[in-house]
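Q: Structure of the sequence below:
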Amino acid sequence: MAQPEALPPWDNPDKLPAWRPVVTPALREHRWPTRRRAWHTLRNLKIKSPATNTLIELSLPEWVLEILRGCDGTRPLRAILSEASPPPHHSRLSRELHLLYQLALVNFLPPVTG
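A: Predicted structure coming up:
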């Protein structure tokens with residue numbers, strides 16, 4: 001019997017940082033803007049998809065771009081954001097990442113156990 005898909009715990013601030021983000025094919029070849037250490041500064045990001053003939057324009061804080069840069073499915077959010085100071089509030093983290101998830105730009109893998 002097939003197991004239901006594991007969904008990220010959007011409403012649980014203690015569990016979400018253990019999940020591992022991974023970019024979808026829409027972002028695999030994307031070139032990211034140069035990194036800045038002003039973690040809460042808003043940055044503009046344009047994502048073009050010739051396959052679906054779409055253009056998505058987003059205004060995201062630098063820490064979200066840092067997640068996208070490090071989003072390879074091996075490291076948990078907690079590790080990717082370890083340099084962000086101050087770290088984003090859990091409600092903002094959940095809101096921003098849920099948007100990327102809904103836009104099919106990122107997926108989340110459950111924490112590694114054992």
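
Q: Could you tell me what pLDDT the model assigned to Leu65?
A: At Leu65 the predicted local distance difference test score is 91.

Q: From what I see, it and Pro33 are in contact.
A: Yes. Leu65 is in contact with Pro33 according to Cβ atoms under 8 Å; the separation is 6.8 Å. Using the backbone N, CA and C atoms, a C-beta is placed for each residue, glycine as well.

Q: list residues touching both of those two?
A: With contacts taken as Cβ atoms under 8 Å, 6 or more residues apart in numbering, the residues that reach both Leu65 and Pro33 are Arg43, Leu45.

Q: Of these two, give the one with the bigger neighbour count.
A: It is Leu65, of Leu65 and Pro33, that has more neighbours when counted by other Cβ atoms under 10 Å, with 20 against 11.

Q: Look up how far Leu27 lies from that one.
A: Here the distance between Leu65 and Leu27 works out to 11 Å (Cβ to Cβ, to the nearest Å).

Q: distance between the one helix or strand in the chain whose mean pLDDT sits lowest and the chain's centre?
A: Each helix and strand of the chain was given a mean pLDDT (mean pLDDT, DSSP states H and E); the minimum falls on strand 42-49 at a mean of 88. Its chain's C-alpha centre and that of strand 42-49 lie 14 Å apart, by Cα atoms, centre = their mean, to the nearest Å.
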